[in-house]
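*Asks:* below is the structure, and that's it, no one-letter string:
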């Protein structure tokens, strides 16, 4: 039997105090000043040169290719570093899915000292997987927004940085293209920042999760319309968890930290399909996948999400690069979530009564 869900209205003061203490757009992070790439939030314009045609032809997730990465700082000084890069991922690395696969960047820490990339070594890059089609750049911007929305609600989240990249294909007489992309901080850097340890395990039980964080992660995934994840299990032959990691403090409860949101309804990528086992006809159909063990936390969690509604909408309205059409679609999709939060009967029917 599930625990009775307390109405979120009576807990709004708790969420309000938390919101005031942490600020409207970010949580204080230990050691944040050591990583300008993620503490600075203006769009960084960079240039990446390398054999891009070789990258897309071979699609190796083991063999690195040599290239260069450069940017111009506010003073007009040009910074250029050696770069090694290769493909990464699974689904988006397939030729049938993407013309341009996801990329992993490898920098030399000694070369980037004193620059925007100080302290960085390995970075996951998310870029349009069909660069010739405008809607794929919109997918990238909307997935970037999903990360920013999670950051509004919990410090246990991956930091990101929006980039405008001029890609230079040295295989094709320096043919160029310019596209939005974003980088995600490495899990080891996240662990250092939060003072936690990444758990390299196959899986765990829901009872081992920090209930507050599990509740936030579950409601967040519902907000963005994502079902392509697990808080306690990895994909076949992969470490836990599917599209997420677990971290812990001194062997205490595990904190689930989700990532990879391109199958979410808020992104609505044309290649995304709902998991057949959930019997959803579209990725834009929401399904709550929270465990019943977090029902006692739902009141506080929902209060916090309700409290931060305006901050979420402001993120979407302010996002550079989104077309007016996609901005309106994104606002409308997210607003449906908040309409449900305003109705107590819907909260019970959509959350506490359908938990597993």
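*Replies:* Structure's in. What do you need? All values derive from a computational prediction rather than experimental measurement.

*Asks:* residue 141 contacts residue 318, doesn't it?
*Replies:* No. Here residue 141 does not reach residue 318: they are 11.7 Å apart, not a contact under Cβ atoms under 8 Å. Placement of C-beta: from N, CA and C, glycine included.

*Asks:* can you pull the contacts of residue 312?
*Replies:* 149, 152, 334 (Cβ atoms under 8 Å, 6 or more residues apart in numbering).

*Asks:* how far away is it from residue 339?
*Replies:* 14 Å (Cβ to Cβ, to the nearest Å).

*Asks:* helices along the stretch 51-200 of the chain, start to end?
*Replies:* 52-58, 134-153, 187-194 (DSSP state H, counting those that start in this stretch).

*Asks:* among residue 141 and residue 318, which residue is more densely surrounded?
*Replies:* residue 141 (22 against 10; other Cβ atoms under 10 Å).

*Asks:* quick check: nearest residue in space to the more buried one, chain neighbours excluded?
*Replies:* Closest residue in space to residue 141, ignoring its immediate chain neighbours: residue 321 at 5.0 Å, by Cβ to Cβ, 6 or more residues apart in numbering.

*Asks:* residues contacting the one you found?
*Replies:* If you count contacts by Cβ under 8 Å, 6+ apart, residue 321 has them with 137-138, 141, 180.

*Asks:* and of those, the nearest to residue 86?
*Replies:* residue 180 (21.3 Å; Cβ to Cβ).

*Asks:* wait, the closest one touches residue 141, no?
*Replies:* Yes. Counting by Cβ under 8 Å, residue 180 does reach residue 141; the two are 5.9 Å apart.

*Asks:* return the residues in contact with the most centrally placed residue in the chain.
*Replies:* For the chain, the residue nearest the mean C-alpha position is residue 147 (3.5 Å; Cα atoms, centre = their mean). For residue 147, the contact set (Cβ under 8 Å, 6+ apart) comprises 157-158, 160, 182, 184, 259, 261.

*Asks:* can you tell me which of the residues you listed are in strands?
*Replies:* 160, 182, 184 (DSSP state E).

*Asks:* so how far is the first residue of stretch 96-112 from its last?
*Replies:* From its first residue to its last, stretch 96-112 covers 36 Å (Cα to Cα, to the nearest Å).

*Asks:* in that stretch, what's buried?
*Replies:* 98, 100-105, 107, 112 (16 or more other Cβ atoms under 10 Å).

*Asks:* need the max-distance pair from those residues.
*Replies:* 98 and 112 (28.1 Å).

*Asks:* returning to what we had before: and the contacts of residue 312 as CSV, adding distance to residue 198 and pLDDT?
*Replies:* Converted to CSV, the contacts of residue 312 look like this (distance: Cβ to Cβ, whole Å; pLDDT from 0 to 100):
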residue, distance to residue 198, pLDDT
149, 23, 98
152, 23, 98
334, 30, 98
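
*Asks:* closest one to residue 203 out of those residues, please.
*Replies:* Nearest to residue 203 out of those is residue 149 (Cβ to Cβ; 26.7 Å).

*Asks:* quick check: the closest one vs residue 105, distance?
*Replies:* On the measure of Cβ to Cβ, residue 149 and residue 105 end up 25 Å apart.

*Asks:* and what of residue 324?
*Replies:* Here the criterion is Cβ to Cβ. By it, residue 324 lies 32 Å from residue 105.

*Asks:* sorry, back to before: need the max-distance pair from the contacts of residue 147.
*Replies:* Within the contacts of residue 147, 157 and 182 form the most distant pair, 13.8 Å apart (Cβ to Cβ).

*Asks:* all strands of the protein, in order?
*Replies:* 44-50, 65-72, 78-87, 103-107, 122-126, 160-169, 175-184, 197-198, 244-248, 254-258.

*Asks:* pick the most buried one from the ones you listed.
*Replies:* strand 254-258 (a mean of 25; mean count of other Cβ atoms under 10 Å).

*Asks:* what's near enough to touch residue 163?
*Replies:* 43-46, 125, 180-183.

*Asks:* then residue 234?
*Replies:* So residue 234 contacts 202-203, 240-242 (Cβ under 8 Å, 6+ apart).

*Asks:* now the residue in the chain sticking out farthest from the centre: how far from residue 54?
*Replies:* Note on the chain: the largest C-alpha distance from the chain mean falls to residue 173, namely 34.5 Å (Cα atoms, centre = their mean). Distance, residue 173 to residue 54, using Cβ to Cβ: 14 Å.

*Asks:* let me have the strands of the chain in JSON lines, extended by distance to residue 346 and mean pLDDT.
*Replies:* Listed next are these as JSON lines, based on distance: least, Cβ to Cβ, whole Å; pLDDT from 0 to 100:
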{"stretch": "strand 44-50", "distance to residue 346": "41", "mean pLDDT": "98"}
{"stretch": "strand 65-72", "distance to residue 346": "47", "mean pLDDT": "98"}
{"stretch": "strand 78-87", "distance to residue 346": "42", "mean pLDDT": "97"}
{"stretch": "strand 103-107", "distance to residue 346": "41", "mean pLDDT": "97"}
{"stretch": "strand 122-126", "distance to residue 346": "33", "mean pLDDT": "97"}
{"stretch": "strand 160-169", "distance to residue 346": "31", "mean pLDDT": "98"}
{"stretch": "strand 175-184", "distance to residue 346": "33", "mean pLDDT": "98"}
{"stretch": "strand 197-198", "distance to residue 346": "36", "mean pLDDT": "96"}
{"stretch": "strand 244-248", "distance to residue 346": "27", "mean pLDDT": "97"}
{"stretch": "strand 254-258", "distance to residue 346": "23", "mean pLDDT": "98"}
